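K.L.:
coords below, sequence missing:
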DNA sequence: AAGGAGGGTTTTTTT
DNA sequence: AACCCTCCTT
């Protein structure tokens, strides 16, 4: 037990409280990951069989690190492993076993964001609700909200209070039927279907209840209703639930997370014990004081007093530059100096921002000044056209009924299967229930498509089948076969043909190479590689940063990421850039409500409390957006942090804000 | 069917 | 500035 010697009394208590419900209110930097990890280790030492322990983390990265940490703490090798995974990955495991009870195929695939978007687009088109009235993204978030509240498409239609809502409900139905017809589930379905299983199949529920008798949930403040209920079902009998979180770091309300779950834990679990961790080991007092000051402006929260023993001579810095170009130049310039002259480790430095558009200018500045950087999180890689194409090909290989993906690539690169022919085939496919290949002969016989188109289509089907078979037979050659396939369809050639500028060509070919590399990396580490498994992994975890810390390049690279992706991480030096009204707090939050401002404030708090030694907040006095340069207003948070009036003149704030919109 | 020109729209955050 | 859609010509 001597490892526990390093823990403070509160931490020790949290680690050794094993029976019954436990709520650990752990402020930023108070060692909550440590507590969870030690709990797992102690439980195993106490004789609880590892596979009976379930620990749910928020990100894949956290799960990975927790696994590594537990194995190294245990010293002895154990034959069975505790279940440490994200919520979604946990649900996938359950569904792989039992989803057939819900009328889905055992081998369902997971629709990623790109799939969701094209399904939504198609649904909106079919409902004749143009992109003008509702963006695919809006439809997706509506659908997500419905699903989290367990509202079926039919119900949604009856509940609609406006025409737009009614049409959205129709689109929801269309979306869901297209999704199901392709044998896929989306992210929300993973939770909703698991809950469905638990609610309506008692014998399956008790199977899973008996499987786990210790359950831990990290970042509990960010659980949504479905997750909350799943957990409730799971621990119904044992009540051995430990949740850890911090209401001040709740930043996922927009995704359906409910802070009330952590705030009302004691009502939900009347026997709950509550332990507070309030000593911060991460930040210097200078940083922590300002962060606490900021949070005083949020009214509805658990009062807590975070304190730190760490001090430093360095103060938190507030810097303003004339525009975003100068801001980037200076921040990168300073980082260059720090890493090259002061020999600061680049991976100890993080640049944090609110939106995914912000890092662009920093990226080119890092490249120009030749400082190694890495852009973490974000789905930008998977939004690239080339990557989406290649994913679509893989999906067609993996799932012949994935019509959505097939449509994306059936004529790309162009092979003589035009839009109007596809349109006619689609009409015959009965809403995706039949494949376009299967209705092609009939369409040709009735002269709906030309003989030429027909033969291209059949040749394409043949090619797909050949490669599908090759890959199925020898999945260990996945990446080689796929590269060969791309060669055969002249994909790279198509890039050169389509993009005139050498710059564009190079970037796009690099994307293609990078994707191929992602496949080889997957193949190298997987014991039983398969397309389906690869796709599942990419859908659940995005691009694999998994081996980030192994690779020497990334080890020596400055970190760039959003506040959301920085959650749970820490860095000796942190730069928060673009501290302006409209960016942080984001414009949409400002337009919405006071509540959304509170969440933006928590976002700023999360950002500040990532910093261990040094924190710098910068802003640009003017910024170019949509091709227009506009003056900006300092973020209100800058004032709140330092006590209202401190900062430069703010007389014209309301007018400028109007102009910003 | 293919390719190009032109016009309009877009950017919150992600498992 | 990047992307998508639509329309027009070949």
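P.N.:
On my side now, so go ahead. Remember, predicted model here, so these are calculated numbers, not experimental data.
K.L.:
who are the neighbours in contact with the closest residue to DNA strand B within the stretch 51-200 of chain A?
P.N.:
Sorted by distance to DNA strand B under C-beta to the nearest atom of the strand, the residues of the stretch 51-200 of chain A start with residue A:86, at 3.6 Å. Bear in mind the C-beta positions are built from the backbone N, C-alpha and C, glycine included. The neighbours of residue A:86, taking C-beta atoms under 8 Å, 6 or more residues apart in numbering as the test, are A:56-60, A:63, A:540.
K.L.:
Select from those residues the one having the most neighbours.
P.N.:
Using other C-beta atoms under 10 Å as the neighbour criterion, residue A:56 leads the contacts of residue A:86 with 27 neighbours.
K.L.:
pLDDT score assigned to that residue?
P.N.:
At residue A:56, the predicted lDDT confidence score is 95.
K.L.:
Residue A:88 is in contact with that one, correct?
P.N.:
No: with contact defined as C-beta atoms under 8 Å, residue A:56 does not reach residue A:88; the gap is 9.8 Å.
K.L.:
and the residue lying closest to residue A:485 once chain neighbours are set aside, how far is that from DNA strand C?
P.N.:
Using C-beta to C-beta, 6 or more residues apart in numbering and skipping the chain neighbours, the partner closest in space to residue A:485 is residue A:467 (5.0 Å). Taken as C-beta to the nearest atom of the strand, to the nearest Å, the spacing of residue A:467 relative to DNA strand C amounts to 25 Å.
K.L.:
any idea which helix or strand carries residue A:467?
P.N.:
helix A:451-473 (DSSP states H and E).
K.L.:
mean confidence score for that helix?
P.N.:
Helix A:451-473 shows an average pLDDT of 89 in the prediction.
K.L.:
surely the residue nearest to residue A:485 meets residue A:397?
P.N.:
Yes: counting by C-beta under 8 Å, residue A:467 sits close enough to residue A:397 to count as a contact (6.5 Å).
K.L.:
related to what we said a few turns ago, quick one, phi/psi of the residue of the stretch 51-200 of chain A closest to DNA strand B?
P.N.:
The phi and psi torsions at residue A:86 (degrees, to the nearest 10) take the values phi -80, psi 170.
K.L.:
how much space between it and residue A:442?
P.N.:
Counting by C-beta to C-beta, to the nearest Å, the separation of residue A:86 from residue A:442 is 45 Å.
K.L.:
Chain neighbours aside, what residue packs nearest to the residue in the stretch 201-350 of chain A that DNA strand B sits nearest to?
P.N.:
Among all residues of the stretch 201-350 of chain A, residue A:254 sits closest to DNA strand B, at 3.7 Å; criterion: C-beta to the nearest atom of the strand. The shortest distance from residue A:254 to any residue that is not its chain neighbour, by C-beta to C-beta, 6+ apart, is 7.5 Å, and that residue is residue A:599.
K.L.:
Mind giving me the packing neighbours of the host helix or strand of that neighbour?
P.N.:
Using DSSP H and E, the secondary-structure element containing residue A:599 is helix A:594-608. If contacts are counted by 3 or more C-beta pairs under 8 Å, 6 or more residues apart in numbering; DSSP states H and E, helix A:594-608 sits against helix A:285-295, helix A:563-566, strand A:571-576, helix A:587-592, helix A:636-642.
K.L.:
Indicate which one of those is closest to residue A:227.
P.N.:
Comparing the helices and strands packed on helix A:594-608 against residue A:227 with C-beta to C-beta, the closest turns out to be helix A:563-566 (17.5 Å).
K.L.:
which residues are contacting the closest one?
P.N.:
Outside helix A:563-566, the residues within contact range by C-beta under 8 Å, 6+ apart are A:251-252, A:350, A:352-354, A:376-378, A:584, A:603-604, A:606-607, A:610.
K.L.:
if you look at those, which of them are in strands?
P.N.:
Of the contacts of helix A:563-566, the ones assigned to strands by DSSP state E are A:350, A:352-353.
K.L.:
ok, those residues vs DNA strand C, which is closest?
P.N.:
Relative to DNA strand C, the closest of the ones in strands among the contacts of helix A:563-566 is residue A:353; by C-beta to the nearest atom of the strand it sits at 17.5 Å.
K.L.:
Contact partners for that closest one?
P.N.:
Under the criterion of C-beta under 8 Å, 6+ apart, the neighbours of residue A:353 are A:359, A:362, A:560-563, A:576-578, A:583.
K.L.:
go again using 10 Å as the cut-off
P.N.:
Under the criterion of C-beta atoms under 10 Å, 6 or more residues apart in numbering, the contact list for residue A:353 reads A:359, A:362, A:560-563, A:566, A:575-579, A:583-584, A:607.
K.L.:
near DNA strand C, from those residues?
P.N.:
Taking C-beta under 7 Å from any atom of the strand as the test, DNA strand C is in contact with none of the contacts of residue A:353.
K.L.:
Show me which of those are buried.
P.N.:
Neighbour counting with 16 or more other C-beta atoms under 10 Å marks A:359, A:362, A:560-563, A:566, A:575-579, A:583-584, A:607 as buried within the contacts of residue A:353.
K.L.:
circling back to that earlier point, need the max-distance pair from the contacts of helix A:563-566.
P.N.:
Largest separation among the contacts of helix A:563-566 by C-beta to C-beta: A:252 and A:350, giving 20.2 Å.
K.L.:
okay, the two: which has more neighbours?
P.N.:
Set side by side, residue A:252 and residue A:350 show more neighbours around residue A:350, with 22 against 19, by other C-beta under 10 Å.
K.L.:
Residue A:389 versus the nearest residue to residue A:486 once chain neighbours are set aside, what's the distance?
P.N.:
In space, and not counting its chain neighbours, residue A:486 is closest to residue A:492: 6.8 Å by C-beta to C-beta, 6+ apart. Taking C-beta to C-beta as the measure, residue A:492 and residue A:389 are separated by 12 Å.
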